Every structure is written in structure tokens, then in C-alpha cells.
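Trainee: Any chance you can model this:
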Amino acid sequence: MCDRCGFGAGAHAIALAERPSHRLVGWFWEGSHAQARDGAIKPLLVRARELSERTQGLWRSPLVGITWNDRPGGFRYFVGIAGDDAPADGAALDLPEMAFASSWHAADDGGVVEHYMRMIEWIGEEGYTRDAAQFAQREEYPNDYDPDGPLSLRLLMPVRVPADA
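Mentor: Predicted structure coming up:
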């Protein structure tokens with residue numbers, strides 16, 4: 001049983017989640033899906049974890065990845081943490097308050113793409129619609145994420161919630 005959502009492996013609950021408006025500070029990356037599969041994003045996650053360790057107090061932000069599927073054969077990705085001041089070689093990203101379909105993904109849950117597909121089905125079943133006006137996906141890694149360890153992260157897809165919901 002999962003200690004994060006109470007469901008068995010491969011069956012993590014999908015639920016509606018909200019994130020308030022906030023600022024992320026970190027770094028942009030752009031490349032192919034193959035490069036990402038081969039680990040090209042891992043160094044940015046390490047940098048974000050190190051930034052968190054240096055700048056945050058008792059509460060530490062999760063490592064946040066934001067995806068834009070706006071490149072032929074690839075995508076843009078931002079990796080950062082909640083904060084005010086961007087690193088000298090980085091950037092700040094201001095995000096509005098948003099609603100998401102959210103689910104925990106653990107190492108034994110199969111592929112992330114398949115998990116996102118289950119989330120897309122759930123979004124339709126619940127009467128929501130995907131909302132990629134800002135970005136396509138948000139991923140939240142634990143602030144002690146080990147890029148060489150098993151993959152575990154929260155998957156979030158922006159949704160539009162009907163006014164009568």
C-alpha cells in the first residue's frame with residue numbers, strides 16, 4: 001500500500017488538487033524526449049535540490065518541473081523550487097493559481113506516459129477538460145530526490161473545472 005495515497009502499486013488515486021499563485025526559480029531546458037529519457041534533465045534536478053538546500057529553511061519546496069510541448073520532436077522544461085530570487089544563471093517563473101488532476105507515481109507504477117494516459121481518461125470521466133493554456137504538465141519531486149534512485153514524483157495535469165462542479 002502506498003503511504004502517500006493509500007492505494008496499491010499501479011493504482012494510485014487521481015484527485016483534483018490546487019496550487020496557489022507562486023514563483024519558481026530555477027533553469028530552463030529544451031530538447032528531445034529521447035534526451036530526457038537518457039537523463040538530460042537529471043543535472044537540473046540536482047541543481048534545484050542543491051539550491052533548495054542552500055536557500056530554504058526548515059520547510060523546503062519540492063523540486064518542480066514544468067513542461068511545454070511546443071517544440072517539434074521535443075519539449076521545453078523548467079526545473080526549480082519555490083522562491084523569490086533566481087540564480088544568476090537561471091530564471092524566475094511566475095505561475096497563477098491553478099487546478100490539476102494529481103496522482104503520485106512510484107517506481108513500480110510502470111511508465112510515466114502510461115500514468116499520464118490514465119489521468120487523461122480520469123479527467124474526461126470526471127467532466128473536467130485539460131487546460132494547457134499555461135503549460136502541459138507539472139511534476140513535483142521530493143526535495144531529497146535522488147536522480148540515481150527509483151523514480152517517484154507527483155504528476156499534475158492542468159484542468160478546467162466546470163463552474164457548477
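Trainee: Quick one: classify Val46 as helix, strand or coil.
Mentor: helix (DSSP: H, G, I helix; E, B strand; the rest coil).
Trainee: how near is it to Ser52?
Mentor: To Ser52, Val46 is 11 Å away according to C-beta to C-beta, to the nearest Å. Placement of C-beta: from N, CA and C, glycine included.
Trainee: Among those two, which residue is more densely surrounded?
Mentor: Between Val46 and Ser52, counting by other C-beta atoms under 10 Å, Ser52 is the more crowded of the two (21 against 16).
Trainee: Please identify the helix or strand for that one.
Mentor: According to DSSP states H and E, Ser52 maps onto helix 42-55.
Trainee: Which residue, other than its chain neighbours, is closest to Pro150?
Mentor: Nearest residue to Pro150, sequence neighbours excluded (C-beta to C-beta, 6 or more residues apart in numbering): Ala107, at 3.3 Å.
Trainee: could you list every residue that touches that neighbour?
Mentor: By C-beta atoms under 8 Å, 6 or more residues apart in numbering, the contact list for Ala107 reads 150-152.
Trainee: Mind giving me the ChimeraX select for those residues, buried ones only?
Mentor: The command below creates a ChimeraX selection of those among these that count as buried (16 or more other C-beta atoms under 10 Å):
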select :152
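Trainee: backbone phi and psi for Ala36, please?
Mentor: phi -60, psi -40 (degrees, to the nearest 10).
Trainee: all strands of the chain, in order?
Mentor: 15-19, 22-32, 63-71, 74-82, 91-95, 98-105, 129-130, 137-141, 153-160 (DSSP state E).
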